[in-house]
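Engineer: Okay, structure incoming, though there's no sequence with it:
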Ligand code: MG
């Protein structure tokens with residue numbers, strides 16, 4: 001078995017432990033037979049759910065960034081589990097807890113400082129927070145290079161690409177093809193999209209995910225973020241990454257090499273598979289999964305994106321054309337705010353595109369040299385987008 005006594009235990013932090021990625025990561029940890037030890041759990045606001053997790057997983061420390069019910073935190077610590085609050089406590093815990101790996105499952109730009117702190121401390125980063133790479137990929141890569149830590153993608157497509165290119169020379173890659181399910185509104189017209197509701201947009205046809213990424217999958221902004229993410233992770237030149245719609249979500253990525261061979265990565269859609277791969281650093285650790293059922297699916301189909309109806313990649317062209325600039329932070333902040341406005345019912349689905357396009361159009365980009373620039377671009381964009389919403 002994988003968990004024999006010769007396998008060293010690994011001290012793991014799960015940031016965003018009460019969210020969709022965090023809870024699936026804890027399922028993967030529970031089936032690791034004690035090899036993966038969750039010593040640090042953090043959450044954004046939710047106190048009651050993280051206290052429940054603490055009972056089950058017995059971490060050494062809990063951190064809640066911005067407690068919704070502060071009184072629940074008081075007196076929650078024990079001799080074995082310390083309980084802390086605030087983002088600084090999260091950053092200090094990353095630096096001082098002798099961690100082997102940090103899984104960043106925080107949603108949005110809120111995850112950026114933790115990603116940087118992890119890499120600066122020389123700890124491998126299993127990164128589900130793609131926003132870190134979109135907003136500050138340059139800073140993450142330079143921190144990783146300096147400390148020798150690795151950035152391990154926890155995104156099904158990027159985990160798939162990593163596996164397809166293992167053992168191949170980077171120069172031999174001709175093209176990367178990312179697949180997209182097309183989301184719940186694939187095949188709709190713009191007229192139909194004008195009246196879709198948040199509840200309809202949250203119904204993703206193939207993947208089980210949190211609210212923001214579900215809406216981003218419906219608009220296809222998720223796929224734009226993923227193309228930026230792939231550029232940052234794999235260093236592909238613009239145009240070397242293409243997107244095709246694949247409604248069954250069985251093929252997660254395809255890498256085409258210069259000799260004419262293409263390698264595809266397949267599996268039933270289940271985020272625990274890329275999470276397991278990342279937490280075990282590609283060691284093919286056993287776990288529960290749904291076997292690939294090709295005959296059950298019968299047909300795997302592929303089609304071009306309807307860019308006139310779902311213009312996310314067209315709107316994002318300016319970001320892809322200017323890598324390493326503050327446009328990444330603007331894209332992410334505008335989309336986060338637009339998605340929040342859509343979920344709260346204050347704007348319609350199509351206005352998400354308008355708000356992001358306007359924010360990118362009004363921004364004067366700068367080359368990213370430090371974290372402050374990224375945070376400034378993020379703040380300014382959020383204020384703008386909020387001011388455009390009645
Ligand atoms: Mg993905």
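Structural biologist: Received, thanks. Values in this document were obtained by computation on a predicted structure and should not be read as measured data. Numbering: from 1, shown residues only.

Engineer: CA only for contacts and neighbour counts going forward, please
Structural biologist: OK.

Engineer: For the stretch 101-250 of the chain, list the residues in contact with the ion, please.
Structural biologist: Residues of the stretch 101-250 of the chain lying close to the ion (Cα under 5 Å from the ion) are 155-156.

Engineer: ranges for the helices of the stretch 101-250 of the chain?
Structural biologist: Taking DSSP state H, counting those that start in this stretch, the helices of the stretch 101-250 of the chain run over residues 112-120, 130-147, 156-165, 190-193, 198-201, 211-219, 221-234.

Engineer: for the residue in the stretch 251-390 of the chain that the ion sits nearest to, what are its contacts?
Structural biologist: Here the stretch 251-390 of the chain gets closest to the ion at one residue, residue 252, 8.4 Å apart by Cα to the ion. Neighbouring residues of residue 252 by Cα atoms under 8 Å, 6 or more residues apart in numbering: 156-157, 160, 178-179, 264-267.

Engineer: related to what we said a few turns ago, so which of the helices of the stretch 101-250 of the chain is nearest residue 247?
Structural biologist: Taking Cα to Cα, helix 211-219 is the member of these nearest to residue 247, at 11.9 Å.

Engineer: circling back to that earlier point, dump the helices of the stretch 101-250 of the chain to CSV, plus mean neighbour count and mean pLDDT.
Structural biologist: Shown next, in CSV, are the helices of the stretch 101-250 of the chain (neighbours: other Cα atoms under 10 Å; pLDDT from 0 to 100):
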stretch, mean neighbour count, mean pLDDT
helix 112-120, 24, 98
helix 130-147, 22, 97
helix 156-165, 21, 96
helix 190-193, 12, 97
helix 198-201, 15, 95
helix 211-219, 23, 94
helix 221-234, 22, 96
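
Engineer: So for residue 32, which of those helices sits nearest?
Structural biologist: Closest among the helices of the stretch 101-250 of the chain, once you apply Cα to Cα, is helix 156-165, at 19.4 Å.

Engineer: Which residue comes closest to the residue of the stretch 201-350 of the chain found nearest the ion once chain neighbours are left out?
Structural biologist: For the stretch 201-350 of the chain and the ion, the shortest gap (Cα to the ion) falls at residue 226, measuring 6.6 Å. Once flanking residues are discounted, residue 226 sits nearest to residue 130: 7.5 Å by Cα to Cα, 6 or more residues apart in numbering.

Engineer: just residue 302 next, same as before
Structural biologist: Residue 302's closest residue in space is residue 246 (Cα to Cα, 6+ apart), at 4.7 Å.

Engineer: Model confidence for that neighbour, exactly?
Structural biologist: For residue 246, the pLDDT comes out at 98.

Engineer: and the gap between residue 150 and the ion?
Structural biologist: The gap separating residue 150 from the ion is 19 Å, by Cα to the ion, to the nearest Å.

Engineer: related to what we said a few turns ago, wait, is the residue of the stretch 251-390 of the chain closest to the ion part of a strand?
Structural biologist: Yes: under DSSP: H, G, I helix; E, B strand; the rest coil, residue 252 sits within a strand.

Engineer: show me the contacts for residue 63.
Structural biologist: Contacts of residue 63 by Cα under 8 Å, 6+ apart are 40-43, 83-86, 89-90.

Engineer: Generate a PyMOL selection restricted to the buried entries among the residues you listed.
Structural biologist: Burial among these is assessed by 16 or more other Cα atoms under 10 Å; the matching PyMOL selection reads:
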select buried, resi 40+41+42+43+83+84+85+89+90
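
Engineer: Mind telling me the two of the contacts of residue 63 farthest from one another?
Structural biologist: Maximum pairwise distance among the contacts of residue 63 (Cα to Cα): 14.1 Å, between 40 and 86.

Engineer: picking up where we left off before, nearest spatial neighbour of the residue of the stretch 251-390 of the chain closest to the ion, skipping sequence neighbours?
Structural biologist: Spatial nearest neighbour of residue 252, excluding adjacent residues (Cα to Cα, 6+ apart): residue 157 at 5.0 Å.

Engineer: contacting residues for the one you found?
Structural biologist: Counting by Cα under 8 Å, 6+ apart, residue 157 touches 178-179, 252-253.

Engineer: what about the strands in the stretch 51-200 of the chain?
Structural biologist: Using DSSP state E, counting those that start in this stretch, the strands of the stretch 51-200 of the chain run over residues 61-64, 82-85, 101-104, 124-127, 151-153, 173-180.

Engineer: Looks like residue 275 contacts residue 154 (just checking).
Structural biologist: Yes: the criterion here is Cα atoms under 8 Å, and residue 275 meets it with residue 154 at 5.8 Å.

Engineer: Just list the residues touching residue 65, thanks.
Structural biologist: 42-45, 85-87, 89-90.

Engineer: got a pLDDT number for it?
Structural biologist: Looking at residue 65, the pLDDT reads 96.

Engineer: what's around residue 80, how many residues?
Structural biologist: 10 (other Cα atoms under 10 Å).

Engineer: Give me the neighbour count for the residue lying closest to it once chain neighbours are set aside.
Structural biologist: Ranked by Cα to Cα, 6+ apart and with sequence neighbours excluded, the top spatial neighbour of residue 80 is residue 60, at 6.2 Å. Using other Cα under 10 Å, residue 60 has 19 neighbouring residues.

Engineer: Does residue 60 touch residue 39 like I think?
Structural biologist: Yes: using Cα under 8 Å, residue 60 is in contact with residue 39, at 5.0 Å.

Engineer: returning to what we had before: which one among the contacts of residue 157 gets closest to residue 287?
Structural biologist: Distances from residue 287 to the contacts of residue 157, taken by Cα to Cα, are shortest for residue 252, at 19.3 Å.
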